[in-house]
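Asker: okay, sequence plus prediction incoming.
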Amino acid sequence: MATLHTRSSARLMMAPAVIMLLVWMAVPLAMTLYFSFLRYNLLTPGLEEWVGFFNYKYFLTDPAFGDALVNTLLLVGGVLLITVIGGTMLALLLDQPFFGQGIVRLMVIAPFFVMPTVSALVWKNMFMHPVYGLFAYVWKLFGLEPVDWLASLPLFSITMMVAWQWLPFATLILLTALQSLDEEQKEAAEMDGAGFFSKFVYIVLPHLARAITVVILIETIFLLSVFAEILVTTSGGPGTQSTNITYLVYTQALLQFDVGGASAGGIIAVILANIVAFFLIRLIGKNLEA
Amino acid sequence: MARAISPRRKAFFTLIGWTIGLAIFFPILWTFLTSFKTEGEAIASPPSLLFFDWTTENYSEVQSRSDYFKHAMNSVVISFGSTILGLLIAIPSAWAMAFSPTKRTKDILMWMLSTKMLPPVGVLVPIYLIFRDWNLLDTRLGLTIVMTLINLPIIVWMLYTYFKEIPGDILEAARMDGASLAKEIVYVLAPMAVPGIASTMLLNIILAWNEAFWTLNLSAAKAAPLTAFIASYSSPEGLFWAKLSAASTLAIAPILVLGWFSQRQLVRGLTFGAVK
């Protein structure tokens, strides 16, 4: 019953949000694309010139790019593995009735609300410090040589920190999905003599499949852009051992002032993210019709 | 029908649940405890869990040495400001999409979502240069604008999923009963829309409070919110863990409490309604 009148006022109501987002997305992205074809360094203003695909060639053949790409994939993959498996197990646990369940649930989701810089500095200093950190203390307790986590295992350490922050997200979403599972279906399976594992594999897991997909896709979007944790702990080092694509573009832009190179890197990051986004959008779009 | 649960089974899960819960929560608890220690005790070996001389001097020190309050205010202004601004822009838009949808509504929603998936480094350079040229670097105004824009898609989406649940027929009924537009809004729509708007607001404040890419890149001493302020502790001189802990506790405590209240909305907001 939308009349012509209401339809045009609806359009008017939508306009501010649409226009602002359009400007926010299109203008800077177009500028990045344009810059990526220029030789453009903030230290040598006035010397900008068109260089075609030079920046892309430079960025893609830079050994640091290969390292950063591998690190990005390892970081995203590692965190996904830990949070999806850990999150599923935690969700199953929190779905069981026990004393103080509500409090345990609050404790489990708490890390998600800790800002990335706090989380990174707390882990770096109070836990992973090679001399005074709690891990060093525990290692010595067992007669082991303390590990200098961020120097010898930088990417692994950062993966752990980030996984700690994202585990609550996976848990919370999987728990929500789990609680919508029909109780009677489980009971029927139990009466048919299904054990824990067959119940899990044939009933719970298929029910969770959708939620797990959502967790994987959304986490991937955010994890491709992990930045603060790297900045305040290792600054991408030693060497490029913990540099991801986001951090590499940042160093290129704001530390080396190479606008052209950084822009080419930015465009490459956008393309990578788009591959993931393509699947996510389709998944959520399907849900919208239902 | 609740199933009977054997006490042994319940005791077993209570033990496992609390052990794992405490393990995950431990870094936060440890930060909280360390904030009340002296710097010497903070690095003592063996570490003391509860039996140390509790002191609150770290909290006053953090304020007097680095003007904590100014940065906290920056966080408040930026996160609340961007949330309110975002709601003002998003409410009409989500309202229109929920109540007078057209063929293109779905496409617009999807497109808005896709802007959220643009990695920030893709636009870091131009935004930085624009901010530099317009003197927006290290200003609360600049950060509030950026924060509004990056969270706008989430706000529109969340509001849309809430508004869609309001039955359109009820408006019709109110109109038949002779309610004026003002009455319709105050007595019929607002009571049904307010819970959704409140949840959206809560989640968005949390997200803006913790955002750390743009705040780190676009702010320095003046407008730095707590995310950037805490980052300055990454290269300090001397003993500083107790002070780091005090600053961290102050930075995360308010948002942790807000977060605990908004668990349910969090799932809905962060999955764009795909999991409820």
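Answerer: That came in fine, so what should we check first?
Asker: following the chain onward from the helix or strand bottoming out on mean pLDDT in chain A, which element is next?
Answerer: Lowest mean confidence among the helices and strands of chain A (mean pLDDT, DSSP states H and E): helix A:183-191, at a mean of 77. Counting by DSSP states H and E, the next helix or strand C-terminal to helix A:183-191 is helix A:196-199.
Asker: does chain B sit close to that following helix?
Answerer: No. Helix A:196-199 stays clear of chain B (Cβ under 8 Å from any Cβ of the partner chain), getting no nearer than 11.8 Å. The C-beta positions use only the backbone N, C-alpha and C, and glycine is treated the same way.
Asker: contact partners of that helix?
Answerer: A:Lys186, A:Ala189, A:Glu190 (Cβ atoms under 8 Å, 6 or more residues apart in numbering or on different chains).
Asker: give me the three-state assignment for B:Ala220.
Answerer: Under DSSP: H, G, I helix; E, B strand; the rest coil, B:Ala220 falls in the coil class.
Asker: from B:Thr271, how far out is it?
Answerer: B:Ala220 sits 35 Å away from B:Thr271, going by Cβ to Cβ, to the nearest Å.
Asker: what of A:Asp192?
Answerer: 33 Å.
Asker: could you report the neighbour count for the closest residue to A:Leu272 other than its chain neighbours?
Answerer: Spatially, and ignoring its direct neighbours in sequence, A:Leu272 is nearest to A:Leu224 (6.6 Å; Cβ to Cβ, 6 or more residues apart in numbering or on different chains). By the criterion of other Cβ atoms under 10 Å in any protein chain shown, A:Leu224 has 22 neighbours.
Asker: thinking again about what came up before, what's the closest of the contacts of helix A:196-199 to B:Thr31?
Answerer: A:Lys186 (39.4 Å; Cβ to Cβ).
Asker: check contacts around that closest one.
Answerer: A:Lys199, A:Ile203.
Asker: A:Leu38 too?
Answerer: Residues counted as contacts of A:Leu38 (Cβ under 8 Å, 6+ apart) are A:Glu48, A:Glu49, A:Trp50, A:Val51, A:Asn55, A:Val259, A:Gly260, A:Ser263.
Asker: of the residues you listed, list those near chain B.
Answerer: Checking the contacts of A:Leu38 against chain B (Cβ under 8 Å from any Cβ), the matches are A:Val259, A:Ser263.
Asker: are any of the contacts of A:Leu38 buried, and which?
Answerer: For those, a neighbour count by 16 or more other Cβ atoms under 10 Å in any protein chain shown gives the buried set as A:Val51, A:Asn55, A:Val259, A:Gly260, A:Ser263.
Asker: the last one against A:Phe35, yeah?
Answerer: Yes. With contact defined as Cβ atoms under 8 Å, A:Ser263 reaches A:Phe35; the gap is 3.8 Å.
Asker: residues shared between the contacts of the two?
Answerer: Going by Cβ under 8 Å, 6+ apart, residues that sit against A:Ser263 and also against A:Phe35 are B:Val125.
Asker: pipe the contacts of A:Leu38 into CSV and attach distance to A:Ala277 per row.
Answerer: Putting the contacts of A:Leu38 into CSV (distance: Cβ to Cβ, whole Å) gives the following:
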residue, distance to A:Ala277
A:Glu48, 31
A:Glu49, 33
A:Trp50, 30
A:Val51, 29
A:Asn55, 24
A:Val259, 25
A:Gly260, 25
A:Ser263, 20
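Asker: give me the subset of the contacts of A:Leu38 lying in helices.
Answerer: Among these, the residues falling in helices (DSSP state H) are A:Asn55, A:Val259, A:Gly260, A:Ser263.
Asker: now for those: which two are most distant?
Answerer: Greatest spatial distance in the ones in helices among the contacts of A:Leu38: A:Asn55 and A:Val259, 9.4 Å, computed using Cβ to Cβ.
Asker: what about B:Asn135, how many residues nearby?
Answerer: 10.
Asker: before we move on, which element is it in?
Answerer: Residue-wise, B:Asn135 maps onto no helix or strand under DSSP H and E.
Asker: gap between it and chain A?
Answerer: To chain A, B:Asn135 is 17 Å away according to Cβ to the nearest Cβ, to the nearest Å.
Asker: list phi and psi for that residue.
Answerer: Dihedral pair for B:Asn135: phi 60, psi 40, per degrees, to the nearest 10.
Asker: next one: A:Leu38
Answerer: phi -110, psi 150.
Asker: that one pairs with what?
Answerer: Taking DSSP bridges as the rule, A:Leu38 bridges to A:Trp50.
Asker: against A:Gly260, how distant is it?
Answerer: According to Cβ to Cβ, A:Leu38 and A:Gly260 sit 5 Å apart.
Asker: same question for A:Leu141.
Answerer: Between A:Leu141 and A:Gly260 the computed distance is 53 Å (Cβ to Cβ).
Asker: for B:Ala174, state which of the contacts of helix A:196-199 is nearest.
Answerer: A:Lys186 (43.1 Å).
Asker: who's in contact with stretch B:77-87?
Answerer: By Cβ under 8 Å, 6+ apart, stretch B:77-87 touches B:140, B:143-145, B:147-148, B:151-152, B:155, B:159, B:197, B:200-201, B:204-205, B:208-209, B:215, B:223, B:225.
Asker: off-centre distance for it?
Answerer: Mean-position distance between stretch B:77-87 and its chain equals 11 Å (Cα atoms, centre = their mean, to the nearest Å).
Asker: ditto for stretch A:36-49
Answerer: The answer for stretch A:36-49 is 32 Å, by Cα atoms, centre = their mean.
Asker: pLDDT weak spots in chain B?
Answerer: Along chain B, segments meeting pLDDT under 70 span B:1-4, B:236-239, B:273-274, B:276.
Asker: show me the helices in the chain, by range?
Answerer: By default, I'm working from chain A. So, for chain A - with DSSP H - the helices run A:4-35, A:54-61, A:63-94, A:101-109, A:116-122, A:134-141, A:149-152, A:154-179, A:183-191, A:196-199, A:205-223, A:228-233, A:245-250, A:259-289.
Asker: I was thinking of chain B, sorry if that wasn't clear
Answerer: Under DSSP H, chain B gives helices at B:7-34, B:39-42, B:57-66, B:68-99, B:105-116, B:121-133, B:140-163, B:169-176, B:181-183, B:190-210, B:214-218, B:226-231, B:241-261, B:263-270.
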